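A.B. asks: below is the structure, and that's it, no one-letter string:
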């Protein structure tokens, strides 16, 4: 059952079984930088995510939110990807709203954004913070 329906041909649902090949296509079309040449790694990312929200337009994957959470205190939004042709139309906010609907109000959502996406996030409710550390992956 859809979590949110903006139009009759745009549907947002929780989909833990989204095909990795479709996710790779979306990453390429959205500007999200991931190891798209390593399909097995993308499959592991999907398999070990706690919540995956997808957005489809007439069946085509145009948006994805992927999160890891302890369901008690925090939620890390590992991906917020929207196809370039659909960006700045509320799809990203709808994904975040669908994720928030799956969580309790006492859970913080954290997002590590690509530099190109820094302007997208404040309007959808995220606040920039300076108290975060990252240990980058080696490959």
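C.D. replies: That came through fine. Small disclaimer: the values here were computed from a predicted structure and weren't measured. Residues are numbered from 1 along each chain as shown.
A.B. asks: which SSE is the residue nearest to the spatial centre of the chain in?
C.D. replies: With distances taken as C-alpha atoms, centre = their mean, the residue of the chain nearest its centroid is residue 65 (1.9 Å). Assignment of secondary structure by DSSP states H and E places residue 65 within strand 60-69.
A.B. asks: tell me the strands beside that strand, with direction?
C.D. replies: strand 51-57 (antiparallel), strand 74-82 (antiparallel) (DSSP bridges).
A.B. asks: export those to a markdown table and tack on mean neighbour count and distance to residue 40?
C.D. replies: Where C-beta positions appear, they are placed from N, C-alpha and C, glycine not excepted. Output for the strands paired with strand 60-69, formatted as a markdown table (neighbours: other C-beta atoms under 10 Å; distance: least, C-beta to C-beta, whole Å):
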| stretch | mean neighbour count | distance to residue 40 |
| --- | --- | --- |
| strand 51-57 | 22 | 17 |
| strand 74-82 | 22 | 17 |
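A.B. asks: save the ones you listed as TSV, and put in distance to residue 125 and mean pLDDT too.
C.D. replies: What follows is those, written out as TSV (distance: least, C-beta to C-beta, whole Å; pLDDT from 0 to 100):
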stretch	distance to residue 125	mean pLDDT
strand 51-57	15	97
strand 74-82	11	93
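A.B. asks: average pLDDT across stretch 107-119?
C.D. replies: Taken as a whole, stretch 107-119 has a mean pLDDT of 77.
A.B. asks: could you shift the numbering so residue one becomes 15, and keep it that way?
C.D. replies: Shifting the count to begin at 15 puts that one at stretch 121-133.
A.B. asks: give me every residue that touches the residue nearest to the centre of the chain.
C.D. replies: 65, 66, 67, 91, 93, 94, 95, 109, 110, 112, 113 (C-beta atoms under 8 Å, 6 or more residues apart in numbering).
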